[in-house]
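In: no sequence on this one, just coordinates:
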């Protein structure tokens, strides 16, 4: 295959690396490709800095002419990566649309493979082969045996087989087993907000092909086992690789016991060369040399090395710990410590004690070799879940006694293999304790009188300060890696205690962290902790800004998880915001209230809320708020059946040219501008401008993708899709529907959102001639909408499609029941935005009866026309006029039909190739 880049037939000279970058970006057009993934793909197996990527990216942009004459090809998404934003047309496709979904990279959290691994090549090959045939392998062995190292190596070896779809989940960071499914989903990039995340996780996995690596299962094994069995049984494309100190013992599992690294037989007289042929000795010598560059195995000291390796049972971590002491105590001194100082009789322990106690003994030994200050630091560092920065370590683990020597103590712990250094993509470093070491040290912390609570409180207060803007922090800086620490700190604060020394920091931490939970789309957790903090808040401290922040978080998270319960928090938040003069929060809460009343289909109240937003915007003379208020007023006028007024309000907002994506422009990832774009698209279609409607819908999708918000993308895809359906572009509509259902976060969306997407799928099936399948899906979806405690904006649209399809297949009685029920329960009655369509569909059903009721049908059509003309909804008026013209033609009144339709058709100035206008033109020709 030829690799070349051409512009208008002229080949552009481009370096291999830059071309590789372009290929990767185009392959994932519309998606955000992280810096790490780009470097991994382009510089495979090489270590480079982000600066290399920037240099080649600059050359690529220059070659493409990116930015010239306003043309954009590659966008930089701050803190995330790059995305190819130009339209991509692929050979053989009849439709090409701007990709609009920022898909999270499939390879999630997979640590880098070791550049050199000793003695495990056969195990990697065997496990990989078993995974291919059996699909479910658990690597079993005692702590420190190297299970994670082997598992990661297997995953890297199989990356190509799974097209990069490998997900590494470190279960060691989970303290609460209830978070198991949510943690796996979060690592996959899913934002699951349902009460039972397992259901949504399984729905996603059933259609996935990937390798799922579950690391450190032992402490949550009772919860991991049934979930892994479920995934194996119900997700045939998912291969599971687990690591655990014991087998999961479930259906489908094949346990691979990771044996100790082989050592020479005890008391064997072997040469240095012969000893190095055994993996345990080889690993020991490599680590010992790293500890002391002067060390070398010789024929003279080989027996001591062999003896040490034999007594350590070939446990990789134990070998590394002991070898790391060679630089301090020398080979013979280390051997003497093993024999005498700790009194540990290693030989013979294989059968005398469980293997995990071997590591316990090793950790006891290693801990006893630390100085008191090193022990002190290690105990306190165990409070961290997952990775932590040096700044965090200093804030939590240091004190006056350690001041000035804390960094050196950490360095000593790193040198002694008790703290690991983890490089970051940005080139800095973070730190972590191996999980076995952390658990051991945490027990030591708990055994220290008073130290555990004091450390936990410093841990909680550190993250409070880190996230609290009033203390110089950044409430939006949380990474996924910080979540374990936030959860642990909040759990400690609210774990069944009413001690003020816990509750007060807990309330402060909850108030500081809820914005982070919202930013990461962890709405259920935001709701959980804001509720906990508000419940614990003393009455005397209520009514302040801290309560306001928590009430806002509870309002928004409840709105996105259970809208019915959001109203109380919204009202209380607005009360406090008005008392405190907190205009910004008041405006955001009004935005949440506007979403709430629209969701409850209380259209008149939505207009009242939008008018208050407009009043706040005018009082503060804030242009951004004025724009948002215009858009919200436009949304309310749209649903109230005033498309012309709505169109003017939307356009008024857009006339300011604001394209910002700051926090005040969005509500938990749903951007006001994107909502306004697909709202404008709908009213443009209603007002008789279908080409403009399509343009606005496309722009909505593009800007949603640029926002990087999964919520924004999914909403844009669903609500813009209707415009393509109304215009008759079924290919694009279907592609959009498939995109939203393929998004990683899709299964975590809300019930009403699922219903609307499935309703779209049902309508597409019907429109493509798959009537029975489409009707069944529409019927099920409509029943779900009606049974839900939350109203659904698209219920009447779904009912119209189902009723028309039922009439088509000769079931008019059922169709009449469906449409009558929809008319009776229309939220705005005759004022609703789609009332004209409801009466038109009823007319079609009446005409499909065994004995057509033309009189009633004609009355419905006249009512539909009157409503459409009153609203100024030319889109509905055209549809009804076409239906009425066909009826007139069957009545022998073709001339009247032609005059009526021709008069309306001539009023349209665009969109002549869209569905309804083409139908009108064909009917006029036949008349």
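Out: Noted; the coordinates are in hand. This is a predicted model, so every value here is computed, not measured.
In: So which helix or strand of this structure has the lowest pLDDT on average?
Out: helix 349-352 (a mean of 32; mean pLDDT, DSSP states H and E).
In: C-terminal to the longest helix along the chain, what's the next element?
Out: As assigned by DSSP state H, the longest helix anywhere in the chain is helix 500-519. As assigned by DSSP states H and E, the chain's next helix or strand after helix 500-519 is helix 523-536.
In: chain center to that next one: distance?
Out: Centroid displacement of helix 523-536 relative to its chain, using CA atoms, centre = their mean, to the nearest Å, is 21 Å.
In: And stretch 858-871, by the same measure?
Out: That offset, for stretch 858-871, works out to 45 Å (CA atoms, centre = their mean).
In: Could you pull out the buried residues of it?
Out: Going by neighbour count (16 or more other CB atoms under 10 Å), the buried part of stretch 858-871 is 858, 860, 861, 863, 864, 865, 867, 868, 871. Placement of C-beta: from N, CA and C, glycine included.
In: Check stretch 19-38 too.
Out: Buried-residue list, stretch 19-38, by 16+ other CB under 10 Å: 19-22, 24-25, 28-38.
In: Check stretch 636-645 too.
Out: Buried residues in stretch 636-645 (16+ other CB under 10 Å): 636, 637, 638, 639, 640, 641, 642, 643, 645.
In: Same question for stretch 365-374.
Out: 365, 366, 367, 369, 370, 374.
In: what pLDDT, on average, does the strand or helix carrying the second one get?
Out: By that I understand residue 366. Counting by DSSP H and E, the element that carries residue 366 is helix 355-368. Averaging pLDDT along helix 355-368 yields 63.
In: Stretch 838-849 now?
Out: The average pLDDT for stretch 838-849 rounds to 96.
In: can you check stretch 433-453 too?
Out: 85.
In: Mind listing residues that contact it?
Out: Contact with stretch 433-453 is made by 143-144, 172, 216, 219, 317, 359-360, 363, 367, 375, 378-384, 418-420, 432, 455, 501, as judged by CB atoms under 8 Å, 6 or more residues apart in numbering.
In: Whichever of the residues you listed count as buried, I'd like them selected in PyMOL; how would that read?
Out: Buried residues among those (16+ other CB under 10 Å), as a PyMOL selection:
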select buried, resi 143+144+172+216+219+317+359+360+363+367+375+378+379+380+381+382+383+384+418+419+432+455
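In: In helices only, show me the contacts of stretch 433-453.
Out: 317, 359, 360, 363, 367, 375, 378, 379, 380, 381, 455, 501.
In: mind listing the helices for the stretch 351-500 of the chain?
Out: Assigned by DSSP state H, counting those that start in this stretch, the helices in the stretch 351-500 of the chain fall at 355-368, 372-381, 390-397, 406-415, 435-447, 451-467, 483-494, 500-519.
In: now the shortest one, how far from the centre of its chain.
Out: Going by CA atoms, centre = their mean, the spacing between the C-alpha centre of helix 390-397 and its chain's C-alpha centre is 29 Å.
In: and residue 758, what does it touch?
Out: Per CB under 8 Å, 6+ apart, neighbours of residue 758: 777, 780, 781.
In: where in the stretch 751-900 of the chain is pLDDT low?
Out: Low-confidence segments of the stretch 751-900 of the chain (pLDDT under 70): 751-753, 789-792, 828-831.
In: switch to 80 and redo it
Out: Applying pLDDT under 80 to the stretch 751-900 of the chain flags residues 751-754, 788-793, 827-831.
In: So for stretch 405-417, what gets flagged as buried?
Out: Residues of stretch 405-417 classed as buried by neighbour count (16+ other CB under 10 Å): 406, 409, 410, 412, 413, 416, 417.
In: isn't the last one right next to residue 322, touching?
Out: Just to be clear, that refers to residue 417. No - using CB atoms under 8 Å, residue 417 is not in contact with residue 322; the gap is 9.7 Å.
In: Show me what the helix or strand hosting residue 187 is packed up against.
Out: Assigned by DSSP H and E, residue 187 belongs to helix 180-188. With contacts taken as 3 or more CB pairs under 8 Å, 6 or more residues apart in numbering; DSSP states H and E, helix 180-188 sits against strand 166-170, helix 197-205, helix 221-234.
In: In the stretch 551-700 of the chain, mark out all the helices, start to finish.
Out: 566-580, 583-599, 603-620, 623-639, 643-654, 672-686, 690-707.
In: any chance of those helices in TSV, with distance to residue 492 and mean pLDDT too?
Out: Output for these, formatted as TSV (distance: least, CB to CB, whole Å; pLDDT from 0 to 100):
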stretch	distance to residue 492	mean pLDDT
helix 566-580	25	94
helix 583-599	28	91
helix 603-620	39	94
helix 623-639	39	93
helix 643-654	46	94
helix 672-686	38	93
helix 690-707	35	92
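In: Throw those into a markdown table and include distance to residue 126, thanks.
Out: Shown next, in a markdown table, are the helices of the stretch 551-700 of the chain (distance: least, CB to CB, whole Å):
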| stretch | distance to residue 126 |
| --- | --- |
| helix 566-580 | 54 |
| helix 583-599 | 54 |
| helix 603-620 | 63 |
| helix 623-639 | 60 |
| helix 643-654 | 62 |
| helix 672-686 | 51 |
| helix 690-707 | 43 |
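In: what's the closest of these to residue 553?
Out: helix 566-580 (8.5 Å; CB to CB).
In: Please name every helix or strand in contact with that closest one.
Out: Using 3+ CB pairs under 8 Å, 6+ apart, the elements in contact with helix 566-580 are helix 545-559, helix 583-599.
In: who's in contact with that helix?
Out: Residues outside helix 566-580 that contact it (CB under 8 Å, 6+ apart) are 543-545, 547-548, 551-552, 554-556, 558-559, 582-583, 585-586, 589-590, 592-593, 596.
In: at 6 Å instead, please
Out: Taking contacts as CB atoms under 6 Å, 6 or more residues apart in numbering, the residues outside helix 566-580 that touch it are 543, 548, 551-552, 554-555, 558-559, 585-586, 589, 592-593, 596.
In: Repeat that for stretch 544-564.
Out: Stretch 544-564 is contacted by residues 193, 511, 514, 523-524, 526-527, 530, 533-534, 565-566, 569-570, 572-573, 576-577, 585, 592, 596, 599, 668, 789-790 when judged by CB under 6 Å, 6+ apart.
In: switch the cut-off to 7 Å
Out: Residues outside stretch 544-564 that contact it (CB atoms under 7 Å, 6 or more residues apart in numbering) are 193, 507, 510-511, 514, 518, 523-524, 526-527, 530-531, 533-534, 537, 565-566, 569-570, 572-573, 576-577, 580, 582, 585, 588-589, 592, 595-596, 599, 667-668, 750, 789-790.
In: Now do the domain split for this protein, please.
Out: As assigned by automatic domain parsing, the chain contains the domains 5-84, 121-257, 272-367, 370-448, 449-550, 750-926.
In: could you dump the ones you listed to a markdown table with distance to residue 608?
Out: Supplementary listing: those in a markdown table, determined by distance: least, CB to CB, whole Å:
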| stretch | distance to residue 608 |
| --- | --- |
| domain 5-84 | 38 |
| domain 121-257 | 28 |
| domain 272-367 | 64 |
| domain 370-448 | 46 |
| domain 449-550 | 22 |
| domain 750-926 | 14 |
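In: For residue 703, which of these is the nearest?
Out: Minimum separation from residue 703 across those (CB to CB) falls at domain 5-84, 11.3 Å.
In: In strands, which of the buried residues of stretch 19-38 appear?
Out: Among these, DSSP state E puts 33, 34 in strands.
In: For residue 245, find the nearest of the helices and strands packed on helix 180-188.
Out: The nearest among these, by CB to CB, is helix 221-234 at 8.6 Å.
In: Can you list the helices and strands that that closest one packs against?
Out: Contacts defined by 3 or more CB pairs under 7 Å, 6 or more residues apart in numbering; DSSP states H and E place helix 221-234 against helix 180-188, helix 197-205, strand 238-244.
In: What residues of stretch 761-771 count as buried?
Out: Buried residues in stretch 761-771, defined by neighbour count with 16+ other CB under 10 Å: 761, 762, 763, 764, 765, 766, 767.
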